[in-house]
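*Asks:* Sharing a model that was predicted from the sequence below.
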Amino acid sequence: MLIDPETLPPNGAYKFLTSAIVPRPIAFVSTQGTDGVLNVAPFSYFNVMTDAPPILSVAVNLRRGEPKDTLRNVRDTGEFVINLVDEPMLQRMVQASGDWAPEVDEFALTGLTPAPSQRVRPPRVAESPVSIECRLEQIVSIGTGNLILGRMVLAHVRDDLIANGVVDPVKLRPLARLGGDNYATLGPLLRQPRPVVPPPGRPTSAG
């Protein structure tokens, strides 16, 4: 089967891509408006862009042609927190994803706990195993999407998760986004070390 994006019906590309490009990590982004109202919402168009400097990306589509609360708050304040989502957070994370009015505080709505951040104004989600405080680096508008690039300025990590700067994925228990209403857990881990390639000019073991 061939799928041509130019011939797909409205929302067709979204349905195809979000069901095929799986699993996707979830950024549960907490922001604060200039009026002080808190907001937290999940996004699965999310990943790491670079580590030097440490830049993370979150893409936010428009909603009915208007900016979502997250995008508006990031534009207005230049600050946000990316909270990772583990299995126990599933129900409340999904509840926060509704098309709630701008004056609705999703922390209060879901019963999630706003915890003080140290270097940005928006609070982090206390229940999150990893929260990354970010300052806005750049917003790139692409069609109906807006790619938010944020620089990590501080991370909060649950003490039992990390050793020598590395997070244990089994203890993290991250949730991943699939298509439709489907989510995935981590499942079994597959370990395959990368090949050791000798520097140029040095013969390989087969040579």
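*Replies:* Arrived safely, thanks for sending.
*Asks:* can you pull out the helices in this structure?
*Replies:* 12-20, 69-77, 90-96, 106-110, 169-172 (DSSP state H).
*Asks:* just these: most buried one?
*Replies:* helix 69-77 (a mean of 20; mean count of other CB atoms under 10 Å). Quick note: C-beta positions are derived from backbone N, CA and C, even for glycine.
*Asks:* for that helix, packing partners?
*Replies:* Helix 69-77 is packed against strand 27-32, strand 38-43, strand 54-61, strand 79-84, strand 130-142, strand 145-157, with contacts defined by 3 or more CB pairs under 8 Å, 6 or more residues apart in numbering; DSSP states H and E.
*Asks:* Indicate each strand paired with the fifth one and its parallel or antiparallel sense.
*Replies:* Think strand 130-142. strand 79-84 (antiparallel), strand 145-157 (antiparallel) (DSSP bridges).
*Asks:* Please identify the deepest-packed of those.
*Replies:* strand 79-84 (a mean of 26).
*Asks:* Quick one: residues in contact with that strand.
*Replies:* Defining contact as CB atoms under 8 Å, 6 or more residues apart in numbering, one finds that strand 79-84 is touched by 25-32, 40, 46, 56, 58, 70, 73-74, 117, 120-125, 128-136, 148, 150, 172, 174.
*Asks:* now it against strand 54-61, angle please.
*Replies:* Put simply, strand 79-84 runs at 90 degrees to strand 54-61, going by axes from the mean of the first three to the mean of the last three CA atoms, to 10 degrees.
*Asks:* Measure how far strand 79-84 is from the centre of its chain, please.
*Replies:* Centre-to-centre, strand 79-84 and its host chain are 8 Å apart (CA atoms, centre = their mean, to the nearest Å).
*Asks:* now the angle from that strand to strand 27-32?
*Replies:* Using the same axes, to 10 degrees: strand 79-84 against strand 27-32 is 150 degrees.
*Asks:* Using PDB, write out every CA atom in strand 79-84.
*Replies:* Extracted C-alpha coordinates of strand 79-84, given in PDB (Å, rounded to 0.1, in the frame of the first residue of the first chain):
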ATOM      1  CA  GLU A  79       9.700  29.100  30.800                       C
ATOM      2  CA  PHE A  80       8.300  25.600  31.200                       C
ATOM      3  CA  VAL A  81       8.900  22.300  32.800                       C
ATOM      4  CA  ILE A  82       9.000  18.900  31.000                       C
ATOM      5  CA  ASN A  83       7.700  16.200  33.400                       C
ATOM      6  CA  LEU A  84       8.200  12.600  32.400                       C
END
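*Asks:* In contact with the most centrally placed residue in the chain, which residues?
*Replies:* The centroid of the chain falls nearest to Ala27 when counting by CA atoms, centre = their mean (2.0 Å). Taking CB under 8 Å, 6+ apart, we find Ala27 in contact with 42-44, 46, 56, 58, 82-84.
*Asks:* Mind doing that once more with 6 Å?
*Replies:* For Ala27, the contact set (CB atoms under 6 Å, 6 or more residues apart in numbering) comprises 43, 46, 58, 82.
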